[in-house]
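Enquirer: Got a sequence here, can you build the structure:
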Amino acid sequence: MIAAFVSGVVLVGVADALNPQWNWVEEMASHFVNGTAGWLIPTALVLFGAASATVTAVVLGSPGRSATGVWLMAGWSLGLLVAAVFPADPPGQWDRPPSTAGLVHGIAGMLAFVLLPSAAVLVTRRVRVRSRALVLAAAASVVATALYLVTWVDVLDGPTLTFGGFEKVTGLTERLLLWADLIWLSTVCVVLRRPAGRM
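Expert: Now for the predicted structure:
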């Protein structure tokens, strides 16, 4: 599972490198499906979604689990898989109506991004073993999500949050959000697979 997460992150990084016409700090990863080697992005999303579903199954099989947390994790996994099937629209079209595929992708992705930090909080609270790493990972997921939502809303109103000369930083905050979520998923999987790591 962790290998799948790492592989997906690598694929996103390769897509970033192969498309210098778009800056990954400004543009969200999903938009790179419209560039060179665009297949890397849906492949990464499938890896993330499938591995997340496996982690969800691990949580589901743990005693004392958070039922709501499991459902939220399942929603995250499904959202990623739906987003993989329906590609995002090209960058720079915030002021235009989205295509059907782009709309489905956006809704699925946003729901996934909102669901996982909620799941992280609920599941982490039910872990009986003391794990500072898991608590910190859950907190990072919540903070990263809040930061991403702020920059995302900023873009909808016209970019005003600039950094280091970049017009917007939505791509950066989206990647930070993704990394934080994947770190929490990896951490909860490791914790639950320890003999003392019971939910």
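Enquirer: for the lowest-mean-pLDDT helix or strand in the chain, which positions count as buried?
Expert: Across the helices and strands of the chain, mean pLDDT, DSSP states H and E gives its lowest value to helix 132-156, namely a mean of 92. Neighbour-count burial for helix 132-156 flags 134-135, 137-142, 144-145, 147-148, 151-152, 154-155 (criterion: 16 or more other Cβ atoms under 10 Å). C-beta: built from backbone N, CA, C; applies to glycine.
Enquirer: State the distance from the spatially most central residue of the chain to residue 66.
Expert: Geometric centre of the chain, nearest residue: residue 178, 3.6 Å, by Cα atoms, centre = their mean. Going from residue 178 to residue 66 by Cβ to Cβ, to the nearest Å gives 23 Å.
Enquirer: follow-up on the earlier one: for the least confident helix or strand of the chain, which helices and strands make contact with it?
Expert: Judged by 3 or more Cβ pairs under 8 Å, 6 or more residues apart in numbering; DSSP states H and E, the packing partners of helix 132-156 are helix 100-126, helix 170-192.
Enquirer: winner for burial among the ones you listed?
Expert: Stretch with highest mean neighbour count among the helices and strands packed on helix 132-156: helix 170-192 (a mean of 23; mean count of other Cβ atoms under 10 Å).
Enquirer: okay, that helix in PDB with CA atoms only?
Expert: This file holds the C-alpha atoms of helix 170-192, laid out as PDB (Å, rounded to 0.1, in the frame of the first residue of the first chain):
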ATOM      1  CA  THR A 170      -3.300  26.300  -5.500                       C
ATOM      2  CA  GLY A 171      -1.100  23.600  -7.000                       C
ATOM      3  CA  LEU A 172       1.300  23.700  -4.100                       C
ATOM      4  CA  THR A 173      -1.400  23.600  -1.500                       C
ATOM      5  CA  GLU A 174      -3.100  20.700  -3.300                       C
ATOM      6  CA  ARG A 175       0.100  18.700  -3.300                       C
ATOM      7  CA  LEU A 176       0.700  19.400   0.300                       C
ATOM      8  CA  LEU A 177      -2.800  18.200   1.000                       C
ATOM      9  CA  LEU A 178      -2.300  15.100  -1.000                       C
ATOM     10  CA  TRP A 179       1.000  14.300   0.700                       C
ATOM     11  CA  ALA A 180      -0.500  14.900   4.200                       C
ATOM     12  CA  ASP A 181      -3.400  12.600   3.500                       C
ATOM     13  CA  LEU A 182      -1.100   9.900   2.100                       C
ATOM     14  CA  ILE A 183       1.100  10.200   5.100                       C
ATOM     15  CA  TRP A 184      -1.800   9.700   7.500                       C
ATOM     16  CA  LEU A 185      -3.100   6.700   5.500                       C
ATOM     17  CA  SER A 186       0.300   5.100   5.600                       C
ATOM     18  CA  THR A 187       0.700   5.800   9.300                       C
ATOM     19  CA  VAL A 188      -2.700   4.400  10.300                       C
ATOM     20  CA  CYS A 189      -1.900   1.300   8.300                       C
ATOM     21  CA  VAL A 190       1.400   0.800  10.100                       C
ATOM     22  CA  VAL A 191      -0.100   1.500  13.500                       C
ATOM     23  CA  LEU A 192      -3.000  -0.900  13.000                       C
END
